[in-house]
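S.K.: The following block contains a protein sequence and its predicted model.
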Amino acid sequence: MAAGTEEEAAARLRTGPRVPPEEAILGCRDVTKTFGAVTAVDDVTMGVEAGEWVAIVGPNGAGKTSLLNALNGFYEPDPGGQVFLKGEDVTGLPEHERARRGLGRTFQGLELFESEDVLENIKTTRAVHERPSLLEAMLYFGPGRRKEAESTRRVEEIIDYLELWEHRHSRIASLPLGIRRRVDLARSLALEPDVLLLDEAMSGLTFDEKYDMVRFLTDLHEQESLTLVMIEHDLEVVTEVSDRMIVLQEGGVIARGPPDAVTADPEVARVYTGVE
Amino acid sequence: MATDEAATDRIDSATEGEGTLRVDRVLTAPEEESVPIVSDKALPEILLDHVGEHGDDVALRWKRYGVWQEYTWEEYYDEVERFALGLETLGFREGDVLFTIGYNRPHQLWAWLAAQSLGGMAAPNYEDMLPEDIRDQLQLLEPNVVYAEDQEMVDKILLVADEVPSLETVVYRDEKGMFRYEDGLPPRFDLDDPPEIRSYDEIRATGTERRESGEVGGDYLPGRVEAIDPQSPAMLPPTSGTTGMPKRVQLSHFNFVNLANAAIEIDPLPKESDYFSYLPMAWVGEQMILIAAAFVGGWTANFPEQPETEMEDLREIGPEIIFSSPRTYEAWVADIKAKIENTSFLKRVVYEQSMKVGRRLAAHVSGDERDSDPPAWLRFVHWLFYWVSYRPILDKIGLKRAKNVYTGGGPLGEEHFSYYHALGVPLKQIWGQSEVCGFVTMHRDGDIQADTVGEVFPNVEVGITPEGELLVRGPVVTSGYYNMPEKTESAIEDGWLHTDDFGALTDEGHVKIFDRMDDVLELNDGTAVAPISVETKLKFNPYVKDALVVGDGRDYLAAVLNIRFDNVAEWADQRDIQYAGYRDLTQKEPVLELMREVVAETNADLDDPIRRFVVLFKEFDADDGELTRTGKIRREVVVDRYDELLAGLYGGADEIEMDVTITYQDGRESVEHGRMRVLEMDVDEVTD
């Protein structure tokens, strides 16, 4: 490849977002997040198209989880930054409000109720989504009952989809990591998201467990047209499944584009390997 | 009662066969059991009878989305009709074969009945079969339609579809993952003439449309059912394939109906009694219950949610009728024993005391004292222990409500029998094979003998040749193997079916089975040994999952053992023994010593002890051709595959190293290297 072409290719990886954040299903403009003297996220602008599978990669401390936290409302960005969900500015909205509007999230640290069983964990999340009126809650008939039946049906469909049948009544504390990550995914699906943020959903999993997780996510993405934004360290998985990659370093975007082009980029290689 | 005084009258001696076959003795059913032969009913007709007589009774249950969904007999027929009318549009005609492969689901059952209603037959297959085995069966059966449960099974069919010219349509039930096939097959299937891929729901909807548009009237399918010849084949179950590629047995409506009538006569149960369907649907015993006994008896068949939830679902249903393979009963005993070892001191003491009482009662049920009734005090103490010990145990394994409890498909050791009788479970042995609808003999209430397989079914005759081979004749016997006339000719002679089982007929009217004719081994001193009886003794120990006993043409017996991983792993964990997986665990010194104790215990009961043994570094596996899909050892294959190992066992080696090719479910292979210690038993000490 000629030197000029290489430069052009590299330049393409360093242009702005493909979709303006305001028109994306999920996006942010000029988002910065500082903690005292530390800048965790540095002026990031990005946009994810509906039905896309975007991977956010970068070395440890690059600001990936902070960016996810800013997107889902766990952190409020520094003044001037904006977050958009389905074309709407949701910057000031709390996390649960964004969840109600279709933004789901799994956690690297698995925020599950350890002493509850799988069914209870999923149902509890679903109940937040339901939010019955006081009257419905007090009078258990009519719409309240129908709503609960529908809710139970939805939870069972998720259990079926993620093949959690045999673990339905197992306590979280007794389950291996692979199943717990699946339960975390089930909980986020209980809120019927349009966009799902996955924070290292495959971290610590064995080969078989990763295979299963990729299978479930691929089915959700292809069959249910779920938009996925994932943080993932395993570059093999990322290049295999994602449509686009965004590479962060020290809080800022250093490259974005199709996985093959991004992984071939010398700057990205330098960030990952430390070799000039 | 133990001795049937009329039994000796039921044994005809020295009957000369009509042709060249010599039949020494013939045994028939107890005289009081009289069941008329029915020759004018096809299986779908019985289904229609149920719809007319008690259509609102529950016929089926399937756990779906965590809830037991119920289907009445009326809904059952409705499902069969919709699918049958759809199946017909795929070109399925009278005499055609519907190839089915899948887990235990009502849909597979509806598909079978739909095929039969159209005058065809169903050929069920084990869901874990490898693609090349599926190809062989497809080529033998030449179906134009295949029913496959899910994407995994559809994929296995597609991998070999190019080699099966008859195949036109694959119908799948589970939608999961199948959306990828909507716009053509994925590129990994490079087929010249790919079959159509259609969903079960789509075929069902086509049938519904035909009915609702008036294209066919409400009397169309009942008319087709009425036209079925009861002597025509209804099912083509596979043989177990212990000696090669499984054959297909033609079993007619007549075979099934008459066997079911006899079974219900022997062990009647009220309508809507629960049966739990979890044995593979390709197994003839499961077919016999699902489409014959449950039909005739009006029982409710319950299907688990998934194979993974079977045990939990079984416990929820607590069925009255249990039919399981010996492996399941062995696994339950191993599980109970392992759990008891890890329970509190008090519970262990209660269990041990209760089992002492249980064993004494078991001796009156099926042991040495079965001629006498148990004394009142023993019955009372057993009843007391039922509430504190047996009932909680039975509840854990789903046998709390079990009344008709059977094992079949292979021999279960006497120790296991006595264990269940001690718990108060009236376990009975059934003997049969695919060629006779799975049932020829069965224990009767009050006459369970742990060392026999019971008495003959009504209308059936069991004969024995001078060589000791058992023969069967009667309305349960197949008309032959599908598309294999030469095999049929060698299996059926003068109306007698050669069972290839080596056995005996007792004066009490029972049948005894020692082993397969070809498997009985002869030591160099002329002693004949039935290896299966030694293997079942070894498997009574909770730490042994499988065993192969060898010695034909040798001076002594030797064994190859498989550990029961879960139990041995727990045993090792309690002793802080570190190991890195199955292979490593099998060769740990303490584990080998544990196995030495197991073999020593077994040797104490043997005239010819096991002198040397190894613990194999891998499990015997059906995917490697070492077991049949029902879990029986394919002795010839295993002996051939491990000839190096057996040479080492008899060659005095202290350690054996070997490579073994492992086959995965999708057909991939890898070579595993293993090193095994050979253990020598101190036989003199044991036999003294």
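M.R.: Looks like it arrived, so ask away. Numbers count the residues shown, from 1 in each chain, chains lettered A, B, ... in the order given.
S.K.: For residue B:665, give me its contacts.
M.R.: Taking C-beta atoms under 8 Å, 6 or more residues apart in numbering or on different chains, we find residue B:665 in contact with B:128, B:130, B:623. C-beta: built from backbone N, CA, C; applies to glycine.
S.K.: Which one (most neighbours) among those?
M.R.: residue B:130 (21 neighbours; other C-beta atoms under 10 Å in any protein chain shown).
S.K.: show me what contacts it?
M.R.: B:156, B:623, B:663, B:665, B:667.
S.K.: And residue B:231, by the same measure?
M.R.: Taking C-beta under 8 Å, 6+ apart as the definition of contact, the neighbours of residue B:231 are B:39, B:252-254, B:479.
S.K.: try it again with 7 Å
M.R.: Under the criterion of C-beta atoms under 7 Å, 6 or more residues apart in numbering or on different chains, the contact list for residue B:231 reads B:252, B:254.
S.K.: Over to residue B:612: give its phi and psi.
M.R.: Geometry field for residue B:612 lists phi and psi as phi -140, psi 150, criterion degrees, to the nearest 10.
S.K.: quick check: longest helix of chain A.
M.R.: The single longest helix within chain A, with elements called by DSSP state H, is helix A:143-161.
S.K.: tell me which parts of chain A are close to chain B?
M.R.: Proximity of chain A to chain B (C-beta under 7 Å from any C-beta of the partner chain) is limited to residues A:153, A:156-157, A:159-160, A:165-166, A:168, A:219, A:222-223.
S.K.: Columns neighbour count on top of those, output as a markdown table?
M.R.: Listed next are the residues of chain A next to chain B as a markdown table, based on neighbours: other C-beta atoms under 10 Å in any protein chain shown:
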| residue | neighbour count |
| --- | --- |
| A:153 | 12 |
| A:156 | 19 |
| A:157 | 13 |
| A:159 | 23 |
| A:160 | 17 |
| A:165 | 21 |
| A:166 | 19 |
| A:168 | 18 |
| A:219 | 17 |
| A:222 | 14 |
| A:223 | 15 |
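S.K.: which residues pair with residue B:442 across the strands?
M.R.: Partner residues in beta bridges with residue B:442: residue B:430, residue B:455, with DSSP bridges as the criterion.
S.K.: Next, find the distance separating it from residue B:456.
M.R.: Residue B:442 is 9 Å from residue B:456, where distance means C-beta to C-beta, to the nearest Å.
S.K.: Of these two, give the one with the bigger neighbour count.
M.R.: Regarding residue B:442 and residue B:456, a neighbour count based on other C-beta under 10 Å identifies residue B:456 as having more, with 27 against 24.
S.K.: if I look at that one, how far off is chain A?
M.R.: When C-beta to the nearest C-beta, to the nearest Å is applied, the distance between residue B:456 and chain A equals 41 Å.
S.K.: beta partners for the residue lying closest to residue B:267 once chain neighbours are set aside?
M.R.: Computed as C-beta to C-beta, 6 or more residues apart in numbering or on different chains, the closest residue to residue B:267 that is not its neighbour in sequence is residue B:404, at 5.0 Å. According to DSSP bridges, the residues that bridge with residue B:404 are residue B:321.
S.K.: Residue B:404: neighbour count?
M.R.: For residue B:404, the number of neighbouring residues by other C-beta under 10 Å comes to 23.
S.K.: wait, doesn't it sit right on residue B:270?
M.R.: No - between residue B:404 and residue B:270 there is no contact, the gap being 11.3 Å when judged by C-beta atoms under 7 Å.
S.K.: so where do the strands sit in the stretch 151-276 of chain A?
M.R.: Counting by DSSP state E, counting those that start in this stretch, the segments of the stretch 151-276 of chain A that form strands are A:195-199, A:227-231, A:244-249, A:252-257.
S.K.: Touching the second one from outside, list them.
M.R.: I take that to be strand A:227-231. Applying C-beta under 7 Å, 6+ apart, the external contacts of strand A:227-231 come out as A:25-26, A:48, A:50-56, A:64-65, A:68, A:194-201, A:217, A:221.
S.K.: Ok, the last one next?
M.R.: Among residues not part of strand A:252-257, those counted as contacts by C-beta under 7 Å, 6+ apart are A:12-14, A:42-44, A:244-247, A:262, A:265, A:267-268, A:271.
S.K.: Among those, which one lies nearest to residue B:45?
M.R.: Using C-beta to C-beta, residue A:244 is the member of the contacts of strand A:252-257 that lies nearest residue B:45, at 62.0 Å.
S.K.: so what's the backbone phi/psi at the closest residue to chain A within the stretch 301-450 of chain B?
M.R.: In the stretch 301-450 of chain B, the residue found nearest to chain A is residue B:308; the distance is 4.1 Å by C-beta to the nearest C-beta. Backbone geometry at residue B:308, expressed as degrees, to the nearest 10, gives phi -70, psi -20.
S.K.: Contacts only, for residue B:505.
M.R.: For residue B:505, the contacting residues are B:11, B:25, B:27, B:462, B:464, B:511, by C-beta under 7 Å, 6+ apart.
S.K.: Quick check: of those, which has the highest neighbour count?
M.R.: Across the contacts of residue B:505, the neighbour count under other C-beta under 10 Å reaches its highest value at residue B:462, namely 28 neighbours.
S.K.: That residue sits in which helix or strand?
M.R.: Element membership for residue B:462 (DSSP states H and E) is strand B:461-464.
S.K.: Convert the C-alpha atoms of that strand to PDB, please.
M.R.: Taking Å, rounded to 0.1, in the frame of the first residue of the first chain, the C-alpha atoms of strand B:461-464 are listed here in PDB:
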ATOM      1  CA  GLU B 461     -44.400 -67.600  24.300                       C
ATOM      2  CA  VAL B 462     -40.700 -67.700  25.300                       C
ATOM      3  CA  GLY B 463     -38.700 -70.700  24.100                       C
ATOM      4  CA  ILE B 464     -35.200 -71.800  24.700                       C
END
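S.K.: No further questions, thank you.
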